[in-house]
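Chemist: Structure for the following, please:
(one chain, ligands or ions: 3)
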Amino acid sequence: MKMKAVRFIEMGKPPEVVDVPRPVPGPGQVLLKIAGAGVCHSDLHILDEPLGIPGPFILGHENAGHVAALGQGVEGWKEGDAVAVYGPWGCGRCHTCQGSAENYCENHASLGTFGGGLGSDGGMAEYMLVPAARQLVPLGALDPVASAPLSDAALTPYHAIKQALPLLTPEATVVVIGIGGLGHMAVQLLQALTPATLIAADIDEAKLAHARGLGVKHTLDTRDADAAAAAIGALAGPRGATVVLDFVGAQPTVDLGVRVVGRDSRLTVVGLGGGVVHYGANQPPYGCQVSVPYWGSRTELMEVIALAQAGRIHAEVEAFPLEQAVDVYQRLGEGKIGEGAVLVSASEWASIEE
Ligand code: NAD
Ligand code: ZN
Ligand code: ZN
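Modeler: Ligands and ions are numbered 1, 2, ... in the order given. Reported below is the predicted structural model:
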């Protein structure tokens, strides 16, 4: 049987919508009927930049759907169960993977893939093969289409914030730069998890308005870096910013982060914008931890889903038919699409339209 899929061919070419054979689960594997596959800015890095992930493979690394078939030996799941897919697939055997942090698998270099949609076939298709049942997290009553972005756009900031939690005390100041797919989840997570003063920064007034809509009191346009640094300094006081979460990672945002963090702080660069942190004595200030987190662990995805189930966070989602993938990526690249674009198959689209 055939199915529609959005396939990455090679760097520099747009993805193509093709008919491919529907996969059949082998021993230990699970076949999912995909409900939604999130469109992430990282896909643009794959499509346009030499990230070194060779094609072809089916795109989509933020996936959720329903169990369609179980491979031999898979127990504990049944057809129809609603699940999110844990995206960064590790070896499953090393010390780090055993601790559920497959995002930092010790054997990643020999695996030849970062996960489904990142080297292996992902979820921008009607069905997706998940290589091991441990990569599934139950969604309970959550809508799988609306939950797809939780597996990356929420998990990645959650992991970054959790690492910084000891610093996020009531008198601390946290600056979030880039209020897009990841950043709009980060501000919700910070409000749910920490008492720190929150500043949301972006160069797009619509994104700042969105942050205000999510309850953020302090929003900041960073196009004028001097004015932005002064405004952050005025709010943070002599201590400076305690934590900066940079979801852009370009040179201007990295520079701003270095400039505003105080001593005993944390500068976390999540965005893959190619910015460089230059080290000098007391620059970033003494005691600053610079970190480059990647995605999150399986148990952290369970925690993210628990927050969504409790109504503490929600991903903004806009569904598009799978067939429109090429156009959606084009518009994402032009900044014409808001956060939370999710591709859905024809059958799922029909049920949304009803
Ligand atoms: P997005 O396009 O949805 O959002 C980016 C936001 O940054 C937008 O609101 C944009 O207006 C803003 N922005 C752009 N340039 C800016 C600047 N100079 N100053 C301030 N704001 C600026 O992207 P996304 O899906 O949220 O992804 C963000 C980044 O995180 C991407 O680089 C992506 O590849 C990366 N990413 C990293 C990981 C990881 O594990 N490290 C995981 C997922 C995504
Ligand atoms: Zn992503
Ligand atoms: Zn491993």
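
Chemist: Could you count how many residues lie near Glu205?
Modeler: Other residues near Glu205 come to 11 when the count uses other Cβ atoms under 10 Å. All C-beta atoms are positioned from the backbone trio N, CA, C, and that covers glycine.

Chemist: That one and ligand 1, how far apart?
Modeler: As defined by Cβ to the nearest ligand atom, to the nearest Å, Glu205 lies at a distance of 10 Å from ligand 1.

Chemist: And Glu49, by the same measure?
Modeler: 10 Å.

Chemist: now that residue: how far from ligand 3?
Modeler: Taking Cβ to the ion, to the nearest Å as the measure, Glu49 and ligand 3 are separated by 26 Å.

Chemist: show me what contacts that residue?
Modeler: If you count contacts by Cβ atoms under 8 Å, 6 or more residues apart in numbering, Glu49 has them with Met11.

Chemist: Quick check, pLDDT for it.
Modeler: Looking at Glu49, its pLDDT is 75.

Chemist: Three-state assignment for whatever residue of the stretch 201-350 of the chain ends up closest to ligand 2, please.
Modeler: Per Cβ to the ion, Trp295 is where the stretch 201-350 of the chain lies closest to ligand 2, at 7.9 Å. Put simply, Trp295 is coil when judged by DSSP: H, G, I helix; E, B strand; the rest coil.

Chemist: residue contacts, it?
Modeler: Going by Cβ under 8 Å, 6+ apart, the list of residues near Trp295 reads Gly87, Pro88, Asn103, Asp152, Leu155, Thr156, His159.

Chemist: if we take those residues, which one ends up nearest to ligand 1?
Modeler: The closest of the contacts of Trp295 to ligand 1 turns out to be Thr156 (Cβ to the nearest ligand atom; 4.1 Å).

Chemist: Now do the contacts for Ala164.
Modeler: Residues counted as contacts of Ala164 (Cβ under 8 Å, 6+ apart) are Val174, Val243, Leu245, Arg266, Thr268.

Chemist: Same list (the residues you listed) but as a markdown table, adding pLDDT and distance to Val24.
Modeler: Output for those, formatted as a markdown table (pLDDT from 0 to 100; distance: Cβ to Cβ, whole Å):
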| residue | pLDDT | distance to Val24 |
| --- | --- | --- |
| Val174 | 98 | 47 |
| Val243 | 98 | 47 |
| Leu245 | 98 | 42 |
| Arg266 | 98 | 46 |
| Thr268 | 98 | 41 |
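
Chemist: Among those residues, which are located in strands?
Modeler: Judged by DSSP state E, strands contain the following of those: Val174, Val243, Leu245, Arg266, Thr268.

Chemist: which of those residues has the most neighbours?
Modeler: Leu245 (29 neighbours).

Chemist: Quickly list what it is bridged to.
Modeler: Leu245 forms beta bridges with Val176, Thr268, as assigned by DSSP bridges.

Chemist: Make sure it is actually in contact with Thr173.
Modeler: No. With contact defined as Cβ atoms under 8 Å, Leu245 does not reach Thr173; the gap is 11.8 Å.

Chemist: Measure how buried Ile199 is and give me the count.
Modeler: Neighbours of Ile199 using other Cβ under 10 Å come to 25.

Chemist: what residues does the protein put near ligand 1?
Modeler: The chain comes close to ligand 1 at residues 40-42, 45, 152, 156, 177-183, 201-204, 207, 222, 247-250, 252-253, 270-273, 294-295, 339, as judged by Cβ under 6 Å from any ligand atom.

Chemist: What ranges does the stretch 151-300 of the chain have for its helices?
Modeler: Along the stretch 151-300 of the chain, the stretches classed as helices by DSSP state H, counting those that start in this stretch are 155-164, 181-193, 205-213, 225-236, 251-260, 298-309.

Chemist: Tell me who's in contact with the one residue in the chain that gets nearest to ligand 2.
Modeler: With Cβ to the ion as the measure, Cys40 is the residue of the chain nearest to ligand 2, at 3.1 Å. Contacts here follow Cβ under 8 Å, 6+ apart; on that basis Cys40 touches His61, Glu62, Asp152, Ala153, Gly181.

Chemist: which of the residues you listed tops the neighbour count?
Modeler: Counting by other Cβ under 10 Å, top hit in the contacts of Cys40: Glu62 with 33 neighbours.

Chemist: wouldn't that residue be in contact with Ala35 here?
Modeler: No. Checked against Cβ under 8 Å, the pair Glu62 and Ala35 is beyond contact range at 11.6 Å.

Chemist: Nothing else from me, thank you.
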